[in-house]
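> A structural model of the following input is requested.
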Amino acid sequence: CIGGVGAFVHLRQLAIEYQQSNVATAERRLVTPTPMAQLTEPFPPPAASPLPHKPLRSPPRPAIAIIIDDLGNQWRYSKRALDLKGDITLAILPFSPFGNRLAQLAEDQGREVILHAPMEPLAHPAWRDGLRRGMTEQELRRSLADMLNSLPTVRGMNNHMGSALTQERTPMDWIMHELAQRDLYFIDSRTSPGSQALLSARQNAIPSARRDVFLDNIRTPEAIRSQFNTLIRLAHKRGQAIAIGHPYPETLIFLEQELSRLDELGVRLVPASHVLHTQEKAETASQSSRDSATSLSVETHSHQPNNHPIKSI
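Numbering: from 1, shown residues only. Next comes the predicted model:
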């Protein structure tokens, strides 16, 4: 009997230990993380979030400004210049018979008008009166003020002739002081290689520039086209260029045909005020533009046919 009881107690102890071992194993399974490799369902991929597409902006096309000088004396050719397509800049002579009427029409159309101020040349048979060497500061500034007041819509000015006066630094400074009081810009027509006008303008903080090309020193279609092509090349090389032309029939015919092709030529026509240099934007023109293959002066007309209107003060 004693042996049977001992065997029963031993078997019961074994059963209790076996049960406790199974419970511990089950608890370990509950707290041990399942390895990633044994996951039956992988994590979903992240949602796609591409950056918004921004189209690349093309750089602006090179700019050209075309100034038509000597306007106001003859209505037919002045009005024809006004009717040219695009942002042609109109340079009107002071006290001319049709100057005010032309300036008002240009203002109504949003065209830019500048004063074409007569200045003393070195030599020209048609010279009469204007801004002259030998004037006192008071005389010169009063004369310039009268010119500017005769065309109250002007945004700036350039010189008509002036190969003599523009070489004189002191009168140029007086002119720039008057322009500064009126917030006007200055374009040096550059009728003399010794012109001090642009230097004076910049040192007096006047927004300014100088012309690069005369379109019609020689008034033939071939010569005008050659000068126009030079203008386009300079604009592509430097980003901008300025041309001066006159209301000659040959020039007007050429521009009436060519201004519609500017997109094809890869340039845009802008008012002269859009291609100015200021104190913060110094000119970096290349040697080829400084020594452009254009005549420095339009004060002689030896190549002009006698039956066309001549440039006058």
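> just give me the neighbour total for Pro59.
As a burial measure, Pro59 scores 6 neighbours (other C-beta atoms under 10 Å). C-beta coordinates here come from the backbone N, C-alpha and C atoms, glycine included.
> which element, helix or strand, includes it?
Here Pro59 is covered by no helix or strand, with elements defined by DSSP states H and E.
> so how far is Leu269 from it?
Spatial separation of Pro59 from Leu269 under the definition C-beta to C-beta, to the nearest Å is 17 Å.
> swap in Arg142?
For Arg142, the distance to Leu269 under the criterion C-beta to C-beta works out to 36 Å.
> please apply the same query to Met147.
As defined by C-beta to C-beta, Met147 lies at a distance of 27 Å from Leu269.
> who has more neighbours out of those two?
Neighbours were tallied for Met147 and for Leu269 using other C-beta under 10 Å; the higher tally belongs to Met147 (21 against 17).
> tell me the buried residues in stretch 198-207?
Buried positions in stretch 198-207, judged by neighbour count with 16 or more other C-beta atoms under 10 Å: Leu198, Ser200, Ala201, Arg202, Asn204, Ile206, Pro207.
> excluding chain neighbours, what is closest to the first one?
In space, and not counting its chain neighbours, Leu198 is closest to Asp188: 4.4 Å by C-beta to C-beta, 6 or more residues apart in numbering.
> how close does the one you found sit to Leu262?
25 Å.
> for Asn158, same thing?
According to C-beta to C-beta, Asn158 and Leu262 sit 22 Å apart.
> so which of the buried residues of stretch 198-207 is the closest to Pro221?
Nearest to Pro221 out of the buried residues of stretch 198-207 is Leu198 (C-beta to C-beta; 31.1 Å).
> what's the host helix or strand of the closest one in contact with?
Element membership for Leu198, per DSSP H and E: helix 197-203. Residues outside helix 197-203 that contact it (C-beta atoms under 8 Å, 6 or more residues apart in numbering) are 159, 162, 166, 169, 172-173, 175-176, 179, 186, 188, 190, 207-210, 277, 279, 282.
> alpha carbons of that helix, in CSV - could you do that?
C-alpha atoms of helix 197-203 as CSV (Å, rounded to 0.1, in the frame of the first residue of the first chain):
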residue,chain,number,x,y,z
ALA,A,197,27.0,113.7,-73.7
LEU,A,198,26.7,110.1,-72.5
LEU,A,199,29.4,110.4,-69.9
SER,A,200,27.8,113.6,-68.6
ALA,A,201,24.4,111.9,-68.4
ARG,A,202,25.7,108.9,-66.4
GLN,A,203,27.7,111.0,-64.0
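> after it comes which helix or strand?
Helix 197-203 is succeeded, C-terminally, by strand 208-210 (DSSP H and E).
> more neighbours: which of Asp188 and Leu262?
Set side by side, Asp188 and Leu262 give different neighbour counts by other C-beta under 10 Å, the larger being at Asp188 (23 against 16).
> now Arg132: phi and psi?
Its backbone dihedrals place Arg132 at phi -120, psi 150, with angles given as degrees, to the nearest 10.
> that one touches Gly162, doesn't it?
No: with contacts defined as C-beta atoms under 8 Å, Arg132 does not count as touching Gly162, sitting 10.2 Å away.
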